[in-house]
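K.L.:
Provided below are the primary sequence and the corresponding predicted coordinates.
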Amino acid sequence: MQTTASPSLPAAQQTASVRAPGPARPYGRYLYLAINIAILVFLLAPIAIVVVFALNPTPFIQFPPVGVSLRWFEKFFASRDFMHALGFSLEVAVLTTLSATALGASAALALARGNLPGARLIVATMLSPLMLPAILTGLALFQTYVLLDVGRPTWGLVAGHTLVTLPYVVRTTLAVLHNFDLRLEEAAQNLGASPVRTFFEVTLPLIKPGVLAGAIFAFIVSFDQFPVSLFLVSPGNETLPVTLFNYLKFDLDGTIGAASVVSIVLAFVVVIGLDRTVGLRSYVKL
Amino acid sequence: MMKALGPLSRRRFLTASASLGIGTIAAPYVARADDPTLRITGWGGKWGDIMKAEIGPAFESEFKCKLQTDSAFPYLPKLQASSRSAPIYDVLHTNSNEQWAAAEMGLIEPKIDPKLVPNLADVYPYAISDKIVGVSIFTSAIGLGMRTDKGYSGVTSWKDLWDAKYNGVRGGYVIPVNSLGQAFLMMCGTLFGKGQTDLDAAYAALEKLKPIKIVDFTGAMEKMLLSGEVGMCVIHDSGIYRYDGQNQPTDFVSPSEGVLSLEQVLTITPGSKMKELANAYVNYMLRPEVQKRLAETVWYSPANKKVKLDAKYDAKLLTTPEKVSKLIQVDWKWYNERKDEIDQRVNRIFRA
Amino acid sequence: MSASIEIAGVSKVYDGGVRAVDAVAMDVRQGEFFSLLGPSGCGKTTTLRMIAGFETPSSGAIRVDGADITHVPAHKRDMGMVFQNYALFPHRTVAENVAFGLRMRGLDKATIAAKVKAALAMVELSGLEDRRPAQLSGGQQQRVALARAIVIAPRVLLCDEPLGALDKKLRQQMQFELKQLQKKLGLTLVFVTHDQEEALAMSDRIAVMNGGRVEQVGTPTEIYNQPTTRFVADFIGDTNIFRGERVGPNLDVGKGLILALPPSEMQGTGVLSVALRPEKIRLIPRAESAAAGSSAHGIVENTNFLGGAVLYRVELAGGHRVLVQQPNAGTSRLFVPGNGVTLEWTPADLVVLKD
């Protein structure tokens, strides 16, 4: 490649191409590696600490760990409160994922296709729970439920979670719809597919990666949701994060770590499972 | 078992006995959908465990009701957000400072009627003093926690905490969010100034406590003491005694100037539709056998004078008028009125 | 069985008053290769989309074999369509793409398999059944699109610039193959293109469109030799257009140039435009005299060597610039810029245009 810099190239690019074969390169490469390793460590260190905490037999964080024990996992799995909270969190996360995905994907379709007046305003409104501190969303919903005198039912919690997970589904679905070639739907109709059939045969499979990505976000955000749940959980039906927080106030031991490890593994399993069953990988290219 | 029934509960008891036959009373009680529900708040941890396993069900069975315990914080904002005429709790259980905040907002009734809660006659004076709204059913003593394996000795006074040899291993709290920290701040005024309300003396004393490790939750302080990260700290006695029998190298010191009280307070909400049941619950929690069971589970000092604890507990908890007289109560009403100002000031002290 | 199409006074007005198609009327006969030709924005694609059912006419009617289908939804029209950029389903294999229309018609698996196989064989794609569209070349994708459209034996095949994305050589080959296939199957085919050469080469008849209107409908030779409007004359191939005032049997186009009008146009008065194709003019070395009305003197301004022919631009004495195309008759007979020349033509070759 010629390195004679053409005058139209931006300055940075010129230096880069001129310098490329020079001796400065290895240093840049080491720096690049070092920065990446630092970022990885920064991202993974909390998980590592949680795992160490969960496996260390002492009831407090200790370095170096004095041994490996599963006592906190035993305690976690033996606790009816934690098991109930885990089950309830999963239930809420699944219901939230279903409702947020159905609503979010339909809303995104309507917004992208419907030629709605004020579509931008609607999008902004739908994304607004992301801007608002979630604790306020929780408090506001709590007050609404109190005013309506409906108590704190599970559907109320799911509605709250749906509200804060909807933006993810809308966003990811809109993103795939943005690049969607409408002629594909016309081609299907031209070949005799009714609008409903066209949706299931062509539209849905093609927007699936976006919908699925949104669904995964919805699941994780719901499963980990604390601020919205804080006000909306009812006595005896607390989600895992709320239970963990309350537990933390009285017993700061490795059970917290064990619960976190279980949560991480579970979230991971769900993501992989969704990926495998519903399948992201069959689409080599869009 | 039945001796301390209130008027309503006795009536309910009789009706129930008549309709069901005496034989069914002893059977475990399964709450029915149309049973009245008493909504209360409560702690988690060991307290929550025993309430859920024994004490709660026994209450439900005796009073033919359902006990719905919210152990998810924060209670006060939830109570505040719900309607005054239909509050989400009937009985509020928190530490004293929060009860004072609730009282200021009119969320709770400041006094409990001794006629409706007969056991109130048997409590130590501190439990219904003018520093308390509602009734304190238990208290912990806030004093000093220390490692016994580091050669620290001769600790008798709060002022020992200021000894330079604890630099680096001294433990305290984030005062704006922790009752123990707040009570300790008032103690500083007493120790170095004209009294609890001498804030300037307290601020100066706090300034001199640095370097100090500060945490939000009391549980975190327990762990730091257990792990040896902290050698001497402000802590409540139950936070040390609960590890009794585990041979931990930690101990609790009651300073000669007195211990601060950390009360477990019950109050009733004005809008409650279950007033009689609520009073029955407060009365029930003050029963000697209930007090004994809870005290020996979580190492809280019972408020009822008539409680006789097992020797091991009796030795350490505040179970006699003499021991109780060492309790120093904090004027939370006064404190809460200045909370914002104090928060700002202590944040500045510990940020620097 | 292929069908005829009747487009009766169809208009399409979009929100905001844009008149994309304006009172278009034409008939497509059964088994005919019919092209809609025009520049972009002329309304040809909108017209095709109305035939396909993707757009509803604002007024007018579309009939297939006499039956009004104006408001029949697209999926019930039984028409095949080949889209610009093909619109193949990216999540399906070649075979699944071709089978799609058959599945929608509820055929059994064996029948579908047989028909797909035959269709792929027809477009010479046997063996690529399990590929995905992204793994195919542009030409192969084009064939899949074609196979997918014809496998359902549509009453009408619609093609929207189907060859636009192919390079020139492949494009010519596909033009040929498509034409062959259309003849073999007896398909009624409506073909949208902006490429006049393509339209001339393939079509039985062409409708030239401009500004939402049909300028002229006719066979390729009619369109080329007898354009009826100035737009058609100008859009199809190179041409010289003169505009002037009738003076008896002649047209005075200014700058001293007088053209004798063809015999059929000698009557009348007023302003008139005429077209004269470059190849209808003969170029000879400067003659002593020129016949008034059918010849003129000029100087070669520049030349454009086309291989089989040479295109000259000649500046006439009065200042008019005229394009002249001559067969390549050998190096010694070619003119170079600066040569003085004489242009001769037959008045009958002048085509009178409507404005």
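P.N.:
Yep, that arrived. Numbers count the residues shown, from 1 in each chain, chains lettered A, B, ... in the order given.

K.L.:
below-threshold pLDDT in chain A: ranges please.
P.N.:
For chain A, the stretches flagged by pLDDT under 70 are A:1-25, A:278-286.

K.L.:
and the helices in it?
P.N.:
Using DSSP state H, the helices assigned to chain A run over residues A:11-19, A:25-55, A:71-78, A:80-113, A:119-131, A:134-148, A:154-178, A:182-190, A:195-198, A:204-223, A:227-232, A:240-250, A:254-274.

K.L.:
over to chain C?
P.N.:
Under DSSP H, chain C gives helices at C:44-52, C:94-104, C:109-122, C:138-150, C:168-185, C:196-202, C:220-225, C:230-235.

K.L.:
dump the ones you listed to CSV, plus mean neighbour count, mean pLDDT and distance to chain B.
P.N.:
Quick note: C-beta positions are derived from backbone N, CA and C, even for glycine. Shown next, in CSV, are those (neighbours: other Cβ atoms under 10 Å in any protein chain shown; pLDDT from 0 to 100; distance: least, Cβ to the nearest Cβ, whole Å):
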stretch, mean neighbour count, mean pLDDT, distance to chain B
helix C:44-52, 24, 95, 56
helix C:94-104, 23, 95, 52
helix C:109-122, 16, 94, 56
helix C:138-150, 23, 92, 59
helix C:168-185, 15, 89, 69
helix C:196-202, 19, 92, 72
helix C:220-225, 17, 94, 79
helix C:230-235, 21, 92, 74
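
K.L.:
out of these, the one nearest residue A:240 is which?
P.N.:
The closest of those to residue A:240 is helix C:94-104. By Cβ to Cβ, the value is 43.4 Å.

K.L.:
relative to helix C:138-150, how tilted is the closest one?
P.N.:
20 degrees (axes from the mean of the first three to the mean of the last three Cα atoms, to 10 degrees).

K.L.:
restricting to C-alpha, output helix C:94-104 in PDB.
P.N.:
What follows is helix C:94-104, C-alpha atoms only, in PDB (Å, rounded to 0.1, in the frame of the first residue of the first chain):
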ATOM      1  CA  VAL C  94     -33.700 -20.900  -2.300                       C
ATOM      2  CA  ALA C  95     -36.100 -23.900  -2.400                       C
ATOM      3  CA  GLU C  96     -38.200 -22.400   0.400                       C
ATOM      4  CA  ASN C  97     -38.300 -19.100  -1.400                       C
ATOM      5  CA  VAL C  98     -39.600 -20.700  -4.600                       C
ATOM      6  CA  ALA C  99     -42.000 -22.900  -2.600                       C
ATOM      7  CA  PHE C 100     -43.500 -20.000  -0.700                       C
ATOM      8  CA  GLY C 101     -46.300 -19.100  -3.200                       C
ATOM      9  CA  LEU C 102     -47.100 -22.800  -3.600                       C
ATOM     10  CA  ARG C 103     -47.400 -23.300   0.100                       C
ATOM     11  CA  MET C 104     -49.700 -20.300   0.400                       C
END
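
K.L.:
elements contacting it?
P.N.:
Counting contacts by 3 or more Cβ pairs under 8 Å, 6 or more residues apart in numbering or on different chains; DSSP states H and E, helix C:94-104 packs against helix C:109-122, helix C:138-150.

K.L.:
what packs against the first one?
P.N.:
So the one you mean is helix C:109-122. Counting contacts by 3+ Cβ pairs under 8 Å, 6+ apart, helix C:109-122 packs against helix C:94-104, helix C:138-150.

K.L.:
does anything pack onto the last one? Which helices or strands?
P.N.:
Using 3+ Cβ pairs under 8 Å, 6+ apart as the contact definition, the elements that helix C:138-150 packs against are strand C:79-82, helix C:94-104, helix C:109-122, helix C:168-185.

K.L.:
residues touching the second one, excluding its own?
P.N.:
The one in question is helix C:94-104. By Cβ atoms under 8 Å, 6 or more residues apart in numbering or on different chains, the surrounding residues in contact with helix C:94-104 are A:188, A:191-193, A:197, A:201, C:75, C:80, C:88-89, C:92, C:111-113, C:115-116, C:119-120, C:125, C:128-133, C:136, C:144, C:147-149, C:151-152.

K.L.:
in this structure residue B:114 contacts residue B:122, no?
P.N.:
No - if you go by Cβ atoms under 8 Å, residue B:114 and residue B:122 don't touch, sitting 10.4 Å apart.

K.L.:
more neighbours, those two?
P.N.:
Higher neighbour count among residue B:114 and residue B:122: residue B:122, with 17 against 13, using other Cβ atoms under 10 Å in any protein chain shown.

K.L.:
separation between the more buried one and residue C:7?
P.N.:
Separation of residue B:122 from residue C:7 (Cβ to Cβ, to the nearest Å) stands at 101 Å.

K.L.:
quick revisit: how about the helices and strands packed on helix C:109-122 in a markdown table, adding distance to residue A:45?
P.N.:
Below are those laid out as a markdown table (distance: least, Cβ to Cβ, whole Å):
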| stretch | distance to residue A:45 |
| --- | --- |
| helix C:94-104 | 48 |
| helix C:138-150 | 49 |
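
K.L.:
can you tell me which of the ones you listed comes nearest to residue C:33?
P.N.:
Residue C:33 lies closest to helix C:138-150 among these, at 13.9 Å (Cβ to Cβ).

K.L.:
what sits up against that closest one?
P.N.:
Against helix C:138-150 from outside (Cβ under 8 Å, 6+ apart): A:187, A:190-191, C:80-83, C:86-88, C:94, C:97-98, C:100-101, C:116, C:119-120, C:122-125, C:128, C:133, C:136, C:157, C:162-163, C:165-166, C:170, C:174, C:178, C:181, C:185, C:187.

K.L.:
pull it out as CSV, backbone CA atoms only.
P.N.:
Provided in CSV are the C-alpha atoms of helix C:138-150 (Å, rounded to 0.1, in the frame of the first residue of the first chain):
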residue,chain,number,x,y,z
GLY,C,138,-26.8,-11.1,-8.1
GLY,C,139,-27.6,-13.0,-11.3
GLN,C,140,-28.5,-16.1,-9.3
GLN,C,141,-30.7,-14.1,-7.0
GLN,C,142,-32.5,-12.7,-10.0
ARG,C,143,-33.2,-16.1,-11.3
VAL,C,144,-34.6,-17.2,-7.9
ALA,C,145,-36.9,-14.2,-7.9
LEU,C,146,-38.0,-15.1,-11.4
ALA,C,147,-38.5,-18.8,-10.4
ARG,C,148,-40.5,-17.8,-7.3
ALA,C,149,-42.8,-15.6,-9.4
ILE,C,150,-43.5,-18.0,-12.3
